[in-house]
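Participant: With the input below, show me the fold.
(one chain, ligands or ions: 1)
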Amino acid sequence: MAKILLIAIAIAAVFWLLRNHRRRANRDVQRPAEPQAEDMVDCAHCGVHLPRAEGIISGPRYFCSKEHEQAFHPKR
Ligand SMILES: [Zn+2]
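Facilitator: Now for the predicted structure:
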């Protein structure tokens with residue numbers, strides 16, 4: 001009789017551990033998506049995505065580098 005009780009406790013412990021583990025795994029999966037919230041812009045010349053803070057602003061457009069800004073406005 002004591003053996004059955006031990007097995008029942010062991011099964012309950014395994015279920016409890018699995019549930020805790022799954023809950024922690026879900027939390028780990030959801031977290032990495034948040035840092036992507038930074039504002040991204042496209043280079044008007046080559047279309048590469050870059051953070052707004054690293055872009056070169058020229059009027060309403062963004063560029064990834066000075067070279068691409070000059071390539072977009074060749075007459076300047
Ligand atoms: Zn570019």
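Participant: so what's the residue nearest to Cys64 when sequence neighbours are not counted up against?
Facilitator: Nearest residue to Cys64, sequence neighbours excluded (CB to CB, 6 or more residues apart in numbering): Cys43, at 3.9 Å. C-betas here are computed from N, CA, C, even on glycine. If you count contacts by CB atoms under 8 Å, 6 or more residues apart in numbering, Cys43 has them with Leu50, Gly55, Tyr62, Phe63, Cys64, Ser65, His68.
Participant: ok, now His68?
Facilitator: Here His68 is in contact with Cys43, Ala44, His45, Cys46, Ile56 (criterion: CB under 8 Å, 6+ apart).
Participant: Likewise for Glu38?
Facilitator: Applying CB under 8 Å, 6+ apart, the residues near Glu38 are Pro51, Arg52.
Participant: And the pLDDT for it?
Facilitator: Glu38 is assigned 80 on the pLDDT scale.
Participant: Could you measure from it over to the ion?
Facilitator: 18 Å (CB to the ion, to the nearest Å).
Participant: Quick check: residues of the protein near the ion?
Facilitator: Within the chain, the positions adjacent to the ion are Cys43, His45, Cys46, Cys64, His68 by CB under 5 Å from the ion.
Participant: Columns secondary structure on top of those, output as a markdown table?
Facilitator: Output for these, formatted as a markdown table (DSSP: H, G, I helix; E, B strand; the rest coil):
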| residue | secondary structure |
| --- | --- |
| Cys43 | strand |
| His45 | coil |
| Cys46 | coil |
| Cys64 | coil |
| His68 | helix |
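Participant: returning to what we had before: farthest pair within the contacts of His68?
Facilitator: Cys46 and Ile56 (12.5 Å; CB to CB).
Participant: more crowded one of these two?
Facilitator: Ile56 (16 against 13; other CB atoms under 10 Å).
Participant: Identify the residue nearest the more buried one in space, chain neighbours excluded?
Facilitator: Ile56 sits nearest to Phe63 (CB to CB, 6+ apart), 4.5 Å away.
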